[in-house]
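Student: coords below, sequence missing:
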């Protein structure tokens with residue numbers, strides 16, 4: 001404590017800044033668990049309820065489709081506008097018995113939602129092994145097993161080159177717009193003739209550029225939704 005005070009004092013003196021009086025308080029807190037009290041169930045769209053792993057489903061929300069997520073993994077809990085928009089758009093797509101790919105799956109929240117909406121051939125891809133591990137744990141948290149799910153730790157380019165898997169009915173991609181722009185041509189090759197695509201993680205200012213690239217690859221825009229400066233195409 002004294003060493004830290006000396007460092008601050010030296011810095012302030014050297015920069016001709018006002019030297020305050022220092023006060024110290026000891027806080028007794030179980031930091032491993034105390035952060036959990038700030039998480040609440042989150043309703044998304046008409047159907048979904050994102051529920052922290054340690055919480056029970058509220059009785060008044062028993063009709064909702066529950067997505068249990070361990071927020072400690074921090075790869076996607078549904079609270080960010082881009083994820084929120086994806087989940088809402090998924091409700092408008094017929095996914096029953098469809099083949100689905102989630103590019104940049106993070107926590108697995110979107111591919112879990114696809115399963116809840118009836119998808120039965122589900123693929124998730126991320127180039128971060130921590131994300132893949134998080135997705136696996138969250139899938140097991142929701143369904144008890146990984147049946148119907150195929151998870152790949154790979155870049156999108158490696159996935160396209162090394163995995164002869166095509167004809168997806170639905171592809172979801174909630175990552176950075178700059179990355180989306182680069183992989184749209186590859187995505188177009190993986191979609192079935194009547195396949196649908198959800199793109200999110202795009203700022204309003206990036207919307208027109210992404211739409212231009214989609215059109216150049218014979219992909220045409222059905223809807224664009226927005227939330228807090230983010231858009232979902």
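Tutor: Here it is on my side, so go on. Fair warning: this is a prediction, and the values are worked out from it, not measured in the lab.
Student: Quick check: residue 71 touching residue 52?
Tutor: Yes. Assessed by C-beta atoms under 8 Å, residue 71 is found in contact with residue 52 at 5.6 Å. (C-beta placed from N, C-alpha, C; glycine too.)
Student: so what sits against both of those two?
Tutor: Shared contacts of residue 71 and residue 52 (C-beta atoms under 8 Å, 6 or more residues apart in numbering): residue 39.
Student: which element is residue 173 on?
Tutor: Assigned by DSSP states H and E, residue 173 belongs to strand 168-174.
Student: correction: residue 152
Tutor: strand 149-153.
Student: helix or strand right after that strand?
Tutor: Next helix or strand after strand 149-153 toward the C-terminus (DSSP H and E): helix 156-162.
Student: remind me, longest strand of the chain?
Tutor: The longest strand of the chain (DSSP state E) is strand 191-200.
Student: For it, give the mean pLDDT please.
Tutor: Computed over strand 191-200, the mean pLDDT rounds to 97.
Student: tell me the angle of that strand relative to strand 168-174?
Tutor: Here strand 191-200 runs at an angle of 20 degrees relative to strand 168-174 (axes from the mean of the first three to the mean of the last three C-alpha atoms, to 10 degrees).
Student: Strand 191-200 packs against which elements?
Tutor: Secondary-structure packing of strand 191-200 (3 or more C-beta pairs under 8 Å, 6 or more residues apart in numbering; DSSP states H and E): helix 81-90, strand 168-174, strand 230-232.
Student: Include mean neighbour count and mean pLDDT when you put these into a markdown table, please.
Tutor: Shown next, in a markdown table, are the helices and strands packed on strand 191-200 (neighbours: other C-beta atoms under 10 Å; pLDDT from 0 to 100):
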| stretch | mean neighbour count | mean pLDDT |
| --- | --- | --- |
| helix 81-90 | 22 | 95 |
| strand 168-174 | 23 | 98 |
| strand 230-232 | 23 | 97 |
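Student: With distance to residue 66 added, can I get those in CSV?
Tutor: Below are those laid out as CSV (distance: least, C-beta to C-beta, whole Å):
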stretch, distance to residue 66
helix 81-90, 13
strand 168-174, 19
strand 230-232, 22
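Student: tell me how far the ends of stretch 40-51 are from each other?
Tutor: One end of stretch 40-51 sits 7 Å from the other (C-alpha to C-alpha, to the nearest Å).
Student: what element comes up after the lowest-mean-pLDDT helix or strand in the chain heading to the C-terminus?
Tutor: Using mean pLDDT, DSSP states H and E, helix 31-34 stands out as the lowest-scoring helix or strand of the chain, at a mean of 64. Following helix 31-34 in sequence order, the next helix or strand is strand 42-44 (DSSP H and E).
Student: So which bits of that next one are buried?
Tutor: By 16 or more other C-beta atoms under 10 Å, the buried positions in strand 42-44 come out as 42, 44.
Student: Return the list of strands paired to it, each annotated with direction.
Tutor: Looking at strand 42-44 with DSSP bridges, its partner strands are strand 48-52 (antiparallel).
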